[in-house]
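[1] I would like the atomic coordinates for the input below:
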Amino acid sequence: MRGGTEGDSKSITERSNHLVRFINCFIFFPNRQMSVNVEGALSLTSALLPLLRDTAAATKPRNAPPPRVVNVISFCTDCPLPTLAVYTASKVRMMRNVCHYRRDFLSHSVILVAMLSHVGIFSASDEKSA
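    Next up is the predicted model:
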């Protein structure tokens, strides 16, 4: 019986350590998470914007669809979960960035889209998100 108890105790300890590592990742490294989820997406989009503009200019005469930038936004923007406050804040900030920057991108014939995992997609043409 003692062997079973130790095994169970070890299993609980391992689970606790795993949970602590999981929570620490989201609570104690907020700058890293914001950096990846927000600044990373903006940096990549900014770096690709000249290419997207050139593509939009090249496709316009052929009536081809304009290029799109699709940002995947989590359902946590509407339904935050415990221990995911920083993650949720980063996704809300990305959603707001899409809403603010989409008109600027549209002036270059580039469509900026946010894809919500539980709702679907809204784009620059949706009035409700304006």
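[2] assumed residue 71 was part of a strand.
    Yes. Under DSSP: H, G, I helix; E, B strand; the rest coil, residue 71 falls within a strand.
[3] pretty sure residue 82 sits in a helix.
    No. According to three-state DSSP, residue 82 belongs to no helix; its state is coil.
[4] any weak-confidence spans in the chain?
    Scanning the chain with the threshold set as pLDDT under 70 gives 1-29, 118-130.
[5] strands of that one, start to end?
    Shown for the chain, the strands assigned by DSSP state E span residues 68-73, 111-116, 120-122.
[6] so which of these has the densest surroundings on average?
    strand 111-116 (a mean of 19; mean count of other CB atoms under 10 Å). Quick note: C-beta positions are derived from backbone N, CA and C, even for glycine.
[7] who does it touch, helix- and strand-wise?
    strand 68-73, helix 85-106, strand 120-122 (3 or more CB pairs under 8 Å, 6 or more residues apart in numbering; DSSP states H and E).
[8] residues contacting residue 101?
    Contacts of residue 101 were listed using CB atoms under 8 Å, 6 or more residues apart in numbering, and they are residue 112.
[9] measure it to residue 80 for me?
    Remark: distance between residue 101 and residue 80 (CB to CB, to the nearest Å) = 24 Å.
[10] now do residue 39
    Counting by CB to CB, the gap from residue 39 to residue 80 is 21 Å.
[11] more neighbours: which of these two?
    residue 80 (16 against 13; other CB atoms under 10 Å).
[12] give me phi/psi at that one?
    Backbone torsions of residue 80, given as degrees, to the nearest 10, read phi -60, psi 150.
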